[in-house]
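Participant: dropping the sequence and predicted coords here.
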Amino acid sequence: MTQFAGSSLQSLQRWVNHIHSMSLEQPGADPPFTDPSLSDLVERILPLATYYTGITSFIEMRSHLEYGLVNHALCASIRNMLKVCPEMVC
């Protein structure tokens, strides 16, 4: 699941960079979204999504008992905290 989230995050980042480069190359052309607040919102959410996917991939990799009980408990508590994360972003 995180591979899909990571790839979709990368494609979203490429799309934002493409739109940004279009607006810099052609100052007279209107980009697909001209609302500066929407652009600002996307630029603020992208780093959060990067952190979220990194943390979830860590949880998936290290939550097994073979990495120790402390690591298992840490991943379980982080997983519980991340349940609230999508609600805070939306």
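Facilitator: Looks like it came in fine.
Participant: after the least confident helix or strand in the chain by mean pLDDT, heading C-terminal, what element do we hit next?
Facilitator: Ranking every helix and strand in the chain by mean pLDDT, DSSP states H and E puts helix 2-25 at the bottom, with a mean of 61. With elements assigned by DSSP states H and E, the helix or strand that comes after helix 2-25 is helix 36-62.
Participant: correct me, but I55 touches S77?
Facilitator: No: if you go by C-beta atoms under 8 Å, I55 and S77 don't touch, sitting 11.9 Å apart. Using the backbone N, CA and C atoms, a C-beta is placed for each residue, glycine as well.
Participant: settle it for me: which of these two has more neighbours?
Facilitator: Neighbours per residue (other C-beta atoms under 10 Å) separate I55 from S77, with I55 holding more: 17 against 10.
Participant: low-scoring stretches of this structure, by residue?
Facilitator: 1-12, 15-16, 18-34, 85-86, 88-90 (pLDDT under 70).
Participant: change it to 80
Facilitator: 1-36, 38-39, 42, 84-90 (pLDDT under 80).
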